[in-house]
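Trainee: sequence-free structure coming up:
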């Protein structure tokens with residue numbers, strides 16, 4: 001089964017300006033590798049101008065802010081996951097150069113006889129803190145910040161492709177070493193199975209097993225960290241790391257497993273099994289942690305405690321913001337989530353009580369991430385409607401609250417995620433349209449109704465001043481609603497247009513009727529009936545209504 005985004009093989013790129021050593025036993029860190037990896041990590045995280053002496057973004061010139069620093073919560077990027085860390089041409093070239101200058105060979109040869117080789121290797125990859133924390137599974141600074149996760153995924157990508165490239169290099173060397181001169185790799189391996197594998201191959205397997213076992217300690221620590229549904233960066237880190245580990249396993253393990261079936265060396269077979277187990281255990285832990293986070297998001301939505309403090313003036317609720325950030329992440333990482341969602345629901349070994357899939361998604365079985373998102377949006381709207389009914393005595397505020405919150409959740413799926421199912425968007429946007437129509441009806445229909453009453457008065461040729469009641473009511477509603485805020489410009493414009501169409505449309509129709517009444521029954525100069533404003537008087541009213549909802 002293919003992963004969510006395959007790690008590309010080592011490319012035959014043109015030479016970069018990297019140092020080369022003729023001494024294959026040399027394992028001193030190549031600072032140019034470290035610099036190159038750091039600058040790629042920095043550029044991916046929005047920083048530039050990296051310094052070799054730094055392992056954090058503070059030493060780089062800031063060109064953008066971390067997503068975690070934007071507004072209240074993590075702003076999920078809308079680009080495809082496959083276009084991020086995985087397959088990065090810069091990382092592929094770094095890995096290819098490590099193989100071309102035989103640096104990986106030097107590390108492998110020194111691994112068994114020199115202490116600290118693994119630590120120096122991880123320092124070159126800019127993840128020395130992984131080795132430092134492997135015994136207790138620590139996460140740098142106690143939290144999975146964006147910078148650490150980016151460094152880790154980039155390091156794993158380089159590691160996978162560099163070790164994979166070294167493995168392919170040895171394949172080309174083994175037939176000559178065995179003396180057979182066989183070009184076909186499989187035939188060569190069959191011939192080698194009658195004897196021991198080349199020592200370099202076994203050493204590479206040991207070095208690879210130690211590297212990946214240590215590297216995946218960070219993933220295990222991340223999966224085991226205490227869950228906090230309010231820490232959106234935790235689910236982001238889990239999904240980012242899980243995607244990278246999945247692709248690493250899909251890239252590395254199939255060729256290793258194929259070779260282990262052909263070769264007789266039990267040490268080699270054991271090392272391959274150990275690597276397979278390391279990846280399998282790590283991915284299982286992360287799947288469990290991701291599923292728990294999905295369950296926690298569902299619990300957050302349905303908990304009454306989540307909706308205790310309703311913001312004034314119909315603003316977006318904190319819980320709505322939190323859920324929206326999670327849902328954006330779920331969709332962005334849908335390729336990784338789809339099998340997790342299905343397998344966790346269909347697994348007979350899963351807890352049959354609160355943990356089971358049918359308990360999370362009601363009586364339905366959810367088969368895809370978009371169905372899970374649609375279900376959670378529906379549950380969110382149910383909770384919003386329950387919350388507004390308890391909190392707002394003013395019906396206009398209720399509908400404004402519902403429109404603001406529902407639109408906040410749907411906005412990224414409408415504006416940024418073009419591949420999100422149209423049927424879900426249409427259904428949810430229809431609900432928002434209903435909230436807007438109800439708001440206009442309960443708030444501005446009383447204003448318009450004054451014109452109907454005054455029209456009856458005009459037919460009786462009353463001496464009362466025309467439009468006084470309408471203007472007073474219009475000013476009252478305008479004053480009450482002017483400072484109510486709609487943060488989404490598109491929604492704000494839509495609602496203004498709806499109000500203008502209703503109020504000014506009715507006003508212009510009223511004026512036309514009244515001028516017709518005067519012309520027909522009173523005459524222009526009769527002196528009877530209240531004076532009418534000029535037909536162009538709507539411009540002032542239009543300017544006034546266009547100031548609504550600025551907050």
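Mentor: Sure, I can see it. All values derive from a computational prediction rather than experimental measurement.

Trainee: give me the secondary structure label for residue 483.
Mentor: coil (DSSP: H, G, I helix; E, B strand; the rest coil).

Trainee: what ranges do the strands span in this structure?
Mentor: 47-48, 61-62 (DSSP state E).

Trainee: got any ranges where the stretch 301-450 of the chain has weak pLDDT?
Mentor: For the stretch 301-450 of the chain, the stretches with pLDDT under 70 are 346-365.

Trainee: which parts of it are helices?
Mentor: For the stretch 301-450 of the chain, the helices defined by DSSP state H, counting those that start in this stretch occupy 318-332, 334-346, 357-360, 369-391, 395-415, 422-459.

Trainee: possible to save the ones you listed as CSV with mean neighbour count?
Mentor: In short, each C-beta sits where N, CA and C put it, glycine included. Below are the helices of the stretch 301-450 of the chain laid out as CSV (neighbours: other C-beta atoms under 10 Å):
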stretch, mean neighbour count
helix 318-332, 22
helix 334-346, 19
helix 357-360, 18
helix 369-391, 19
helix 395-415, 22
helix 422-459, 16
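
Trainee: now distance to residue 507 too, for those helices, in JSON lines please.
Mentor: As requested, the helices of the stretch 301-450 of the chain are exported to JSON lines (distance: least, C-beta to C-beta, whole Å):
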{"stretch": "helix 318-332", "distance to residue 507": "36"}
{"stretch": "helix 334-346", "distance to residue 507": "49"}
{"stretch": "helix 357-360", "distance to residue 507": "52"}
{"stretch": "helix 369-391", "distance to residue 507": "31"}
{"stretch": "helix 395-415", "distance to residue 507": "20"}
{"stretch": "helix 422-459", "distance to residue 507": "7"}
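
Trainee: and of those, who's closest to residue 208?
Mentor: Nearest to residue 208, of all these, is helix 334-346, at 24.0 Å by C-beta to C-beta.

Trainee: where in this protein is the helix or strand with the lowest mean pLDDT?
Mentor: Every helix and strand of the chain was ranked by mean pLDDT, DSSP states H and E. The lowest is strand 61-62, at a mean of 36.

Trainee: follow-up on the earlier one: who wins for proximity to residue 207 among the helices of the stretch 301-450 of the chain?
Mentor: Short answer: helix 334-346, nearest of the helices of the stretch 301-450 of the chain by C-beta to C-beta, at 28.5 Å.

Trainee: tell me what that closest one is packed against?
Mentor: helix 232-262, helix 266-302, helix 357-360, helix 369-391 (3 or more C-beta pairs under 8 Å, 6 or more residues apart in numbering; DSSP states H and E).

Trainee: out of the helices of the stretch 301-450 of the chain, which gets nearest to residue 265?
Mentor: That would be helix 334-346 among these, by C-beta to C-beta, at 34.0 Å.

Trainee: now the angle from that closest one to helix 369-391?
Mentor: If you take axes from the mean of the first three to the mean of the last three C-alpha atoms, to 10 degrees, helix 334-346 sits at 80 degrees to helix 369-391.

Trainee: ok and helix 334-346 relative to helix 232-262, angle-wise?
Mentor: Relative orientation of helix 334-346 with respect to helix 232-262: 80 degrees, computed using the same axes, to 10 degrees.

Trainee: show me this structure divided up by domain.
Mentor: Domain assignment for the chain, taken from automatic domain parsing, gives 84-292, 303-414, 436-545.

Trainee: got CSV for those, with distance to residue 37 too?
Mentor: Shown next, in CSV, are the domains of the chain (distance: least, C-beta to C-beta, whole Å):
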stretch, distance to residue 37
domain 84-292, 5
domain 303-414, 24
domain 436-545, 39
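
Trainee: on that earlier part again, residue 94 is nearest to which of the helices of the stretch 301-450 of the chain?
Mentor: Short answer: helix 334-346, nearest of the helices of the stretch 301-450 of the chain by C-beta to C-beta, at 25.1 Å.

Trainee: circling back to that earlier point, for the helices of the stretch 301-450 of the chain, which one sits closest to residue 257?
Mentor: Short answer: helix 334-346, nearest of the helices of the stretch 301-450 of the chain by C-beta to C-beta, at 20.2 Å.

Trainee: related to what we said a few turns ago, so which of the helices of the stretch 301-450 of the chain is nearest residue 223?
Mentor: So among the helices of the stretch 301-450 of the chain, helix 334-346 is nearest, using C-beta to C-beta, at 12.7 Å.

Trainee: the closest one vs helix 318-332, what angle?
Mentor: Taking the same axes, to 10 degrees, one finds helix 334-346 and helix 318-332 inclined to each other by 100 degrees.

Trainee: mind putting the helices and strands packed on helix 334-346 in CSV, distance to residue 334 included?
Mentor: Formatted as CSV, the helices and strands packed on helix 334-346 follow (distance: least, C-beta to C-beta, whole Å):
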stretch, distance to residue 334
helix 232-262, 10
helix 266-302, 12
helix 357-360, 17
helix 369-391, 4
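
Trainee: most tightly surrounded among those?
Mentor: With neighbours defined as mean count of other C-beta atoms under 10 Å, those peak in mean count at helix 232-262, which reaches a mean of 21.

Trainee: let me know the angle separating that helix from helix 266-302.
Mentor: Going by the same axes, to 10 degrees, helix 232-262 makes 150 degrees with helix 266-302.

Trainee: report the rounded mean pLDDT for helix 232-262.
Mentor: Across helix 232-262, the average pLDDT comes to 84.

Trainee: out of the helices of the stretch 301-450 of the chain, which is closest to residue 249?
Mentor: Nearest of the helices of the stretch 301-450 of the chain to residue 249, taken as C-beta to C-beta: helix 334-346 at 12.5 Å.
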